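Next comes the sequence, and after it the predicted model I'd like to discuss.
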Amino acid sequence: METPVSVILKKTFSLALIFNSLISIATVAGIIYGFYLSFSSFSPWHPYAPFLVDGNLFWLALAAGVINIFPGAALGRTLHTGRFLFHHYVYGFSVLAVTSVLVTVFTPVSPISLFFVNSDDISVNAGRVFTLAGLALFLDDLPDVSKRIESSLNWVKTKACRVKMGLHVAQFITGIFAFYCSISILLSTIFVDSSRALPNSFVIVSLFITGITSFVLVKRKAWLAITPPEPKLPKLFV
């Protein structure tokens, strides 16, 4: 039987996995956005060359973050941590709402464009962190938001279980590219443009953790262990 401390630690670990996956997705999405936007200019951007052979490989790194979210969330759903006043998604929504207001008032960008601007501003980056933290809390408790959402997630889980071997393999392949992108950015930062060390550190660390997490989850056969949701019995009495 697990102790309350071990349950809380595992729940925190589950939230950390979701949070890191969201950081990877957000930072890589910003890089991809800048990569394709540069095609409209006279000097297209070749991100982190010569160490990264093609900017399109970031799509695979982004996929690694997406594929890691479900096993991370599934770990948290198996734990019974109880509720403190409200459901977890209430806290997540509150963090998102407050952060959106603060970003609108105290930063030069809007909440919508928060992840699509190249900024070293501390307030902008703080807004990004709190937005992703709120989203992690929200996603962790998403099935409890409504019965319709729970039903939709169960449908997605059922479909995913049919191709879980493919997802298992994809997790390993995309993890390799997440790790490769992380090392490429690190080498580019060291040898090409050290002035980007601080902003690049977020995506370097996040993608490195995403790659390692992918390998660990593959070793533990996380996707292969996922089972379809149990069908709910119809109510015979009202």
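Sure thing, it's come through.

Contact partners for residue 62?
By C-beta atoms under 8 Å, 6 or more residues apart in numbering, residue 62 lies in contact with 24-25, 28-29, 32. In this view, the C-beta of every residue, glycine as well, is placed from N, C-alpha and C.

Contacts only, for residue 148.
Listed by C-beta under 8 Å, 6+ apart, residue 148 has no contact partners.

again but with residue 36, I slipped
Listed by C-beta under 8 Å, 6+ apart, residue 36 has no contact partners.

Is the nearest residue to residue 18 once chain neighbours are set aside part of a helix or strand, or is it coil?
Using C-beta to C-beta, 6 or more residues apart in numbering and skipping the chain neighbours, the partner closest in space to residue 18 is residue 136 (4.5 Å). Under DSSP: H, G, I helix; E, B strand; the rest coil, residue 136 falls in the helix class.

Relative to residue 21, how far out is residue 136?
Distance, residue 136 to residue 21, by C-beta to C-beta, to the nearest Å: 9 Å.

Between those two, tell me which one has more neighbours.
More crowded of residue 136 and residue 21, by other C-beta atoms under 10 Å: residue 21, with 28 against 25.

ok, now how distant is the more buried one from residue 172?
Residue 21 is 16 Å from residue 172, where distance means C-beta to C-beta.

next one: residue 35
Remark: distance between residue 35 and residue 172 (C-beta to C-beta) = 25 Å.

what's the answer for residue 214, then?
According to C-beta to C-beta, residue 214 and residue 172 sit 7 Å apart.

higher neighbour count, the two?
The residue with more neighbours, out of residue 214 and residue 172, is residue 214; 27 against 16, by other C-beta under 10 Å.

low-confidence ranges in this protein?
For the chain, the stretches with pLDDT under 70 are 1-7, 76-88, 231-238.

cutoff 80 now
The chain contains residues with pLDDT under 80 at 1-11, 40-42, 73-89, 118-120, 140-146, 229-238.

And the helices in it, which stretches?
Along the chain, the segments classed as helices by DSSP state H run 4-37, 58-77, 88-106, 122-140, 147-162, 164-191, 197-219.

Can you show me the CA trace of the second one as PDB?
Looking back up the chat, that one is helix 58-77. Output of helix 58-77 as PDB, limited to C-alpha atoms (Å, rounded to 0.1, in the frame of the first residue of the first chain):
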ATOM      1  CA  PHE A  58      11.200  19.900 -35.200                       C
ATOM      2  CA  TRP A  59       7.900  18.400 -36.200                       C
ATOM      3  CA  LEU A  60       9.100  15.100 -34.800                       C
ATOM      4  CA  ALA A  61      10.300  16.700 -31.700                       C
ATOM      5  CA  LEU A  62       6.900  18.300 -31.200                       C
ATOM      6  CA  ALA A  63       5.300  15.000 -31.800                       C
ATOM      7  CA  ALA A  64       7.500  13.500 -29.000                       C
ATOM      8  CA  GLY A  65       6.000  16.100 -26.600                       C
ATOM      9  CA  VAL A  66       2.400  15.200 -27.700                       C
ATOM     10  CA  ILE A  67       2.900  11.500 -27.400                       C
ATOM     11  CA  ASN A  68       4.400  11.800 -23.900                       C
ATOM     12  CA  ILE A  69       1.400  13.700 -22.500                       C
ATOM     13  CA  PHE A  70      -1.000  10.800 -22.400                       C
ATOM     14  CA  PRO A  71       1.200   8.300 -20.500                       C
ATOM     15  CA  GLY A  72       2.200  11.100 -18.100                       C
ATOM     16  CA  ALA A  73      -1.500  12.000 -17.500                       C
ATOM     17  CA  ALA A  74      -2.400   8.400 -17.200                       C
ATOM     18  CA  LEU A  75       0.100   8.000 -14.300                       C
ATOM     19  CA  GLY A  76      -1.600  10.800 -12.400                       C
ATOM     20  CA  ARG A  77      -5.100   9.400 -13.100                       C
END
